Each structure stands twice: as C-alpha cells, then as structure tokens.
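**Q** Mind looking at a prediction? Sequence and model below.
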Protein chains: 2
Amino acid sequence: MALWLAADARAVEVADMSAHSSTGAASPDLAPLVLVGLGLMLVVAKLGGEVCERFRQPAVLGELAGGILLGNLALVGVTAFEPLKTDQIVGALAQLGVLILLFEVGLESDAKALLAVGWSALLVALAGTGASLALGWLTASYFLPDAPRLAHIFIGAALCATSIGITARVLRDLNKLQTREARIILGAAVVDDVLGLVMLAVVAGSIAAASAGVSKLSVLGIAFKAVVFLLGAIALGQYVVPRLLRGVGRFEVRGVLLAFAVAFCLLLAWTAHLFGLASIIGAFAAGLMLDEVSFESVPRYEKRDLQALLAPVGTLFVPLFFVLTGMRVDLRVVARPSLVGFALALTLAALVGKQLCGLVVTERKVKRLAIGFGMLPRGEVELIFAGVGATLLLPGTNGNLEPVVNNATYGAIVVVVLITTLVTPPLLKWTLTRHAREPAHESAEQTTN
Amino acid sequence: MALWLAADARAVEVADMSAHSSTGAASPDLAPLVLVGLGLMLVVAKLGGEVCERFRQPAVLGELAGGILLGNLALVGVTAFEPLKTDQIVGALAQLGVLILLFEVGLESDAKALLAVGWSALLVALAGTGASLALGWLTASYFLPDAPRLAHIFIGAALCATSIGITARVLRDLNKLQTREARIILGAAVVDDVLGLVMLAVVAGSIAAASAGVSKLSVLGIAFKAVVFLLGAIALGQYVVPRLLRGVGRFEVRGVLLAFAVAFCLLLAWTAHLFGLASIIGAFAAGLMLDEVSFESVPRYEKRDLQALLAPVGTLFVPLFFVLTGMRVDLRVVARPSLVGFALALTLAALVGKQLCGLVVTERKVKRLAIGFGMLPRGEVELIFAGVGATLLLPGTNGNLEPVVNNATYGAIVVVVLITTLVTPPLLKWTLTRHAREPAHESAEQTTN
C-alpha cells in the first residue's frame, strides 16, 4: 500500500543515505509539517470563523485572527510552525484558494452590470489612488523630514493598491455581491491593479534607473496590455466560451464540468500573468466569462451546477489564504512603541485616502461610505512594495546611501496592512447593512433576484 | 486588485532588482508554469478519461496514458513542460489527490468487513511478497549472473510493494469497493506496506550497514509501530471520533463538516508518517474511522453528506496524481532495445508473483484472478527502491565497487512499473465483471446495497 508519500524519507531514514535525498526528484514528499500545518490551519479557520459568526461578524475576520494567533505562537515558545509561513506548498495552496475565491466572485458577478458602472469604477480607482498617494506622501514628509523626496513618494505609492480578496469575501459572506456598491468596488479594484503596476513601474523606475525614458514606455506598455487583456476576455466570453461549453457538454466522463472550468480559470490566470496582470484578475475574468448566456448552449448543465461543485473546493482552500495572511503578521514588529505615531498616521492616511473615493461617485442612492471601506484593505502588494523599497538605495542627509524603506518604515507598513485588514470586515458589514431598512430600494431588490 | 500573486515577479521585472527575488519569502509565486501546467493536466485527464470510457475502459487508464503523452512531448521537441515533472507544487497537489482518494476509499469501506477478511488479507500479502521476492531474485540471477547475490535479492525485494492507488481507483470506478475481493485487496495492501518497509530496512540495511543487529531491531520496531498505529486508529474510531463529530455538529459556520473531515484526514496522515507508515495509510484509516456509527451521534449530518462534499474535491485533485504518474514515465528509457528481455522477464515475475496471491485464498466464491490483478500494480515504491539501489555500492566481479542498481536495471524497473500500471485497469475490469452474470451471488448482491 505504499506509494511515493513518505516512502522516500523513510528509505533515507532506514538506509541512512543522505545522498539520495538530494536526488529525490522522482518522489517529492508532502512534508509532515505540511500535513499537520494544513490540518491545523483548517481547524483554526473554522474555530475563528465560528467565534466571529457568534458575534455576528464576517467569518473571514476570525480566519485572519486565528491565523495571527497560529503565526505568533513563537511568542509563547512554540516555534514548530514558523516554517509554515514561508512554506512553498502552503503558500501555493493559499494562492490556489484566492484564485478560486475570485473565480467564484466572477461567476457571481455579471459582466454587463460591471460595465454599466464603468465610469464610476474608474473615477473611484483614480480618486482613491491619487488621494492615498498624496496623503501618504504628506505623512511620510512629516514623520521622516530627513528622507529624500523620492522616498516620501515611494511610501505614498505603497499605500495605493487595494487588496480585493478580503472585500470580495465579506461582500460574499453578506450576500451583497449583486449590489451597485459591490460592482463599483470590483470594477475599481481591476483598475486599481493596473494603476498599482504603473505606480510601481514609475516610482521604482525613477529611483533605480537613471533614464526616465524607459519607464514612460513601460508605463504605456503595461496599461496597453491590461486593456488588451480585458477586451480580449470580453470577446472570448462572447464567442469562444459558448462553443467550449458545448464541447464539454458532449463528454460522458465524471467531473468534466468542474475540471474544465477550473482548468479554464487556471489558464486565464496564466494569460493574465502573461499580460503583466495579477493572476487573480484572470481568475475573476474567467468567472465573468462563464455567464448564464454561455450556459444556454449546453442543455446538460446550468451555471449553478458549476457553482455548487465549486463551493466545497472553495470551502477548503479559500480559508487557507486568509489564515496564512494572518500567520504572516508578526506581532513583534507591530508592537514596537517607537513606531506607533508614524504607523497610526499612515493608517489614517490610508483610510482617509480611500474614503475620498466615495465622494467622486456621482450616482445617487449609493452608499459612499461602503465604497470607501470596500477599497480600504491593503495587503500583500503593500508588503511587496515595502520589500522592494528595502532594496532601493538613495543618498541620505549625510550623503550615505540608505534604503528607501528602513526597518521602522517597514514595520509601519505592516501595521497599515494589519489594521486595514482587520477593520474592513466589521466596517463594511456595518455600512452595507445599516441603511438596509430605510432606503431599501435598489440593493435590497437586487440581492433577492 | 493586486494580491501577492504575480505581483512579486512583476516588481522584479519592472524594477529589475534580481536581489529581491531571492528574498521573496513573503510572497511565493504560483509560477506561470504551474498555472498552465495544472490547467493542461486537468484537460488531459478528462480527454484521456473520455476516450477510455468510450472504449469501456476505466478512466484512470486514460489519465495515465494522457500523462505519458504530456510528459514525453520532449520527444517531438516541446520541452516547456519538462520542469512540471519535478515541480514541488504540482507534486504536492498530486499527493494531496492520492490522500483524498484513499480517504474516500476509506469512507466507502467498512472496518468490520475489512477485519472479517483479515486472515485472507494477511495470507495474500505474505504470499504475494514472498513469491515476488523469489521470482525477482531468480530473474535477476539469470539475467545478471555476474552481479553479487545481495544485488539479486535487492531487485527481488523491489518487486514486492503494491501501488494501491490505481487498484483503489479502478475498484471505485467499477463500483466494486463493497465486494469481498476489494476488501481482501485493500487489507492486503495495508499489510503489504508494512512488509515493504521491513523489506527495505532489511535488504538495504544488510547492504549498507556492517552490523545486522541494528537492522533486526529496526525491523521489529517498524512492525511494532505499524501495529500500534492501526490498533490506535481502531480505538480512536470507537471512542474519540463520535465525540469529535458531535462537537463539529454544534458549529454554525459554513463548510465546517468538510473542513474538519479533511483536517482529520491530514492529521491522521501525519500520524501515520510519525509511526513510519505511508501517509496514505493514515488517510485510509481516517476514512474508515468516520463510519456510519460515528455519524449517528450528529443529527445534522450524514456520512453521505461528507462524501458528496468530498466528491468535487476528489474530481479535481485525484486525476492530477495519475496524470503526473504518467508524465514521469520516460519513454526514452523504456524503449531501449537492450533492455527488453530483462524488463519483460521482470514484469512476468511481478505478474506471476502476485497471481500466486490468489491461490492462498481459502474462501470459495472469491475471484482469485481479480485479487492477483488487484495486487499487480507497482508504482513509486519500486522507483524509490531503484533510486536507493543506485546509491548502494557492492564489489563486482572485478573487485570494483558498482551500484546495486545500474542504468539498465533502473530502466527495467521503470518498464515493470509502466506495464503493470497500464494493464491493471483493463485486467481488473475484465476479471471482476466477467462472471458477473453467472455466479452472481455475492458480489452482485453487495454492490447493490
């Protein structure tokens, strides 16, 4: 009954041939730590989710908090789970989870309705990015007066990108994906991703490269590729997807609908990556493309069959992403007293910057506060920005080269990510459900259809 | 809309800071190759499965064959997918697939029924192992007369372990898991795993270590730990699992049954690993323990709810294992003319060795041929044995140290794995369904309940 699992490690143990372990390409192991780690992460996710639901908070908050506890057990002397935070396989499964989440969100969204809020989404994204950049820049100038101006701009740019995973999850948990607010947020998040790319290209390019000409070209290139991808996805959705689905409908073998749909999601994620976009944009687009209209050509299946099949897969993998996000929060970094002022000011800048989003929405009957809170969470992109900043050097006041993002600044950015991530679920819930009774017109109607 | 996916690689591209990629611990990437590879593997699995089902063969055969095609595209100049074969993440997902398969098989099996065939299973395992060892030893002595006797024994030992994944999958596809034959095969496979461990410990130990005393102790230790694990699992199944399930039944949060069940499977797999057994034994035991009786204490759930939730997860991940198994077959190695005689003789030894299994079954009305074919597939363990053998040195006829398993022998073992894997599905189907009409008594009755 032995397959390759564990058998490799076992062979090495028994025969004590360490030479073999380096050639073990034919039998990579699911390491014991991964087995126990994934098991614990699932348990922590459900325990945390349960506690939060009892307090009428979105389950995702509990998954994040549970992850923070699991990831900081080193503070009480338990260091066995530390390697999980950077484990490749746990990371890959978490990423698969967020791909599946965005695929599900795409399936639940309606492309036409998203395009209908196109202008609002574009304005929201531009306003949120601009305001976050400006406020972050100002805050950095005030707290780090000696740092060069490019460093201030870099910190401002680091505050811009929205981490849509948490918002999407909360909107889903609250069953609000069909509201106008949700559509604006999702549309703006797509634009945000493109803007974030452009921002990193421009700012890092200005710091690292001498010539600015290359940056300008690459900026245009990124924006152009993103537009081509999205237009291409819409065209594919119209012409290719129905034909594909008709083909799939002819298969007799078990599980063909789910397997092909997930393959489609993965291939779109890959295509998005080719176009320089985040893979989750591709997963979201794949979900959008598999719409009701496409399924009309397949008498055997309905869209909700696919959603029902996908649900258990999401149940398992999506929480891994949020628990891991929590695990990666290092409370030791967050708790430094010297950091508090700068960190809170940056968090305030991040909050106010995205709240200005709501003001540009010209439509009436839209909950502007909710849009601002929906765009609030910052996530991995901020941490990546911070990581890139730590490798960029600029001459300081004394003429020595110093990193654009030093340890204190890195800690402050971690605090921004932590606070915005943790406050979004309750704030979003509050704003979206608060007025639900009074001007109940639109959103209430749409959630029931 | 950017999370960590791809954003890391992108930052590196844009800002051209290769230093960052080495510190990218905080943001491991789902590499583009993994995205496209997993997508293609799913498509290949379903295309292959479909073709086989049209020819009334088990789908798993098509997944293996599709994998062989995908993995040997290098022969026609396409080398882009070569790294997938050794990709850690693809390997981990495939292993997750086989864990889920064995968990599902465990859920569909009945512990009492397995214990009822305990003696038959033990006899089958012992006979199959003994006969395979003896025939492999003889074959090796004939074809490699100059090699030392320990090398012959080693090759014989490499033929013993049964790769249960394929048999379990075929039994499931044919809806025959409830037959007496299936129970004997599954029980024997558990024993086989322990015997395989003992065998590798003894043979590799005798070759590598000077003192045999250590080996004897470790042999006893392995067998003891395996028995403790299995007895412990049965005890747990009786007392702890119903209480656990009752606790889970009190949770309100979405997806709790599936998440806890999979966590339980992963933790049992880990425990099995701790006891020196293969992780899939743990997954199988976890499935056995979550039996109908345990679910009686939870009014909210039934066992078939869990099976229904697990099915889509299995649909996605199980084929990855079989496609990857196929991909790792290197047709260039298999096709060497000089190898043919030895390879075919070894395959015959493997086939006949396991067919002798059936003869020791004293019960009547049992399809002995089916049991022999069920125990036929060799898999990763053989390849691991071969890999270990390649690192073991023994003095040859000319006095020089030579590897126990040289390139030719390695190739021959690959052929054994390939042929036994590919012929098992059709042979098993043939023997199990052939008599279905004539002495239809037992197996037909049991599959309908």
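**A** Cool, the structure landed.
**Q** Now do the helices in the stretch 51-200 of chain A.
**A** In the stretch 51-200 of chain A, the helices defined using DSSP state H, counting those that start in this stretch lie at A:59-71, A:88-108, A:111-116, A:118-143, A:149-158, A:164-173, A:180-208.
**Q** Let's have those in JSON lines, adding mean neighbour count and distance to residue A:263.
**A** (Glycine included, C-beta is placed from N, CA and C.) Below are the helices of the stretch 51-200 of chain A laid out as JSON lines (neighbours: other CB atoms under 10 Å in any protein chain shown; distance: least, CB to CB, whole Å):
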{"stretch": "helix A:59-71", "mean neighbour count": "25", "distance to residue A:263": "27"}
{"stretch": "helix A:88-108", "mean neighbour count": "25", "distance to residue A:263": "11"}
{"stretch": "helix A:111-116", "mean neighbour count": "15", "distance to residue A:263": "21"}
{"stretch": "helix A:118-143", "mean neighbour count": "21", "distance to residue A:263": "29"}
{"stretch": "helix A:149-158", "mean neighbour count": "23", "distance to residue A:263": "35"}
{"stretch": "helix A:164-173", "mean neighbour count": "26", "distance to residue A:263": "22"}
{"stretch": "helix A:180-208", "mean neighbour count": "24", "distance to residue A:263": "23"}
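**Q** want to throw those helices into TSV with mean pLDDT?
**A** Below are the helices of the stretch 51-200 of chain A laid out as TSV (pLDDT from 0 to 100):
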stretch	mean pLDDT
helix A:59-71	88
helix A:88-108	89
helix A:111-116	75
helix A:118-143	89
helix A:149-158	86
helix A:164-173	84
helix A:180-208	76
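**Q** Out of those, which is closest to residue B:348?
**A** Closest of the helices of the stretch 51-200 of chain A to residue B:348 is helix A:88-108, at 39.3 Å (criterion: CB to CB).
**Q** So which elements touch the closest one?
**A** helix A:32-54, helix A:164-173, helix A:256-274, helix A:279-289, helix A:303-327, helix B:88-108 (3 or more CB pairs under 8 Å, 6 or more residues apart in numbering or on different chains; DSSP states H and E).
**Q** May I ask which helix or strand of chain A has the lowest mean pLDDT?
**A** Ranking every helix and strand in chain A by mean pLDDT, DSSP states H and E puts helix A:18-22 at the bottom, with a mean of 29.
**Q** Listing request: residues of chain A with sub-threshold pLDDT.
**A** Low-confidence segments of chain A (pLDDT under 70): A:1-29, A:197-198, A:200-202, A:204-220, A:222-223, A:380-381, A:384, A:391, A:396, A:435-449.
**Q** Show me what the longest helix along it is packed against.
**A** Criterion DSSP state H: the longest helix present in chain A is helix A:213-249. The contact analysis (3+ CB pairs under 8 Å, 6+ apart) places helix A:213-249 against helix A:180-208, helix A:256-274, helix A:279-289, helix A:292-295.
**Q** I'd like these as CSV, with distance to residue B:108 appended.
**A** As requested, the helices and strands packed on helix A:213-249 are arranged in CSV below (distance: least, CB to CB, whole Å):
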stretch, distance to residue B:108
helix A:180-208, 41
helix A:256-274, 20
helix A:279-289, 33
helix A:292-295, 32
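**Q** a markdown table for the ones you listed, including distance to chain B?
**A** Output for the helices and strands packed on helix A:213-249, formatted as a markdown table (distance: least, CB to the nearest CB, whole Å):
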| stretch | distance to chain B |
| --- | --- |
| helix A:180-208 | 4 |
| helix A:256-274 | 4 |
| helix A:279-289 | 4 |
| helix A:292-295 | 18 |
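**Q** For residue B:324, find the nearest of those.
**A** helix A:256-274 (14.9 Å).
**Q** That closest one: which residues count as buried?
**A** Applying a neighbour-count criterion of 16 or more other CB atoms under 10 Å in any protein chain shown, one finds A:256-273 buried in helix A:256-274.
**Q** returning to that earlier point: give me the distance between the longest helix of chain A and the centre of its chain.
**A** Relative to the centre of its chain, helix A:213-249 is centred 20 Å away, using CA atoms, centre = their mean, to the nearest Å.
**Q** Mind telling me which residue of the stretch 151-300 of chain A is nearest chain B?
**A** residue A:255 (3.3 Å; CB to the nearest CB).
**Q** so that residue makes contact with residue B:317?
**A** No. At 10.6 Å, residue A:255 does not count as touching residue B:317 under the criterion of CB atoms under 8 Å.
**Q** tell me which residues in stretch A:355-365 are buried?
**A** Buried residues in stretch A:355-365, counted by 16+ other CB under 10 Å: A:355, A:356, A:357, A:358, A:360, A:361.
**Q** Closest to residue B:93 out of these?
**A** residue A:357 (38.2 Å).
**Q** Quick check: which element contains that closest one?
**A** Applying DSSP states H and E as the criterion places residue A:357 in helix A:340-359.
**Q** Would that helix count as contacting chain B?
**A** No. Helix A:340-359 is not in contact with chain B by CB under 8 Å from any CB of the partner chain; minimum separation 13.8 Å.
**Q** buried set for that helix?
**A** Buried residues in helix A:340-359 (16+ other CB under 10 Å): A:342-343, A:345-347, A:349-351, A:353-358.
**Q** Stretch A:31-47 too?
**A** A:31-47.
**Q** now, which of these lie close to chain B?
**A** A:32, A:34, A:35, A:36, A:38, A:39, A:40, A:42, A:43, A:45, A:46.
**Q** Pipe the residues you listed into TSV and attach distance to residue A:411 per row.
**A** Supplementary listing: these in TSV, determined by distance: CB to CB, whole Å:
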residue	distance to residue A:411
A:32	33
A:34	29
A:35	33
A:36	30
A:38	29
A:39	32
A:40	27
A:42	30
A:43	30
A:45	27
A:46	31
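**Q** Which two among those residues are spaced furthest apart?
**A** A:32 and A:46 (22.1 Å).
**Q** thinking again about what came up before, which of the helices and strands packed on helix A:213-249 sits closest to residue A:52?
**A** Of all the helices and strands packed on helix A:213-249, helix A:180-208 comes closest under CB to CB, at 20.6 Å.
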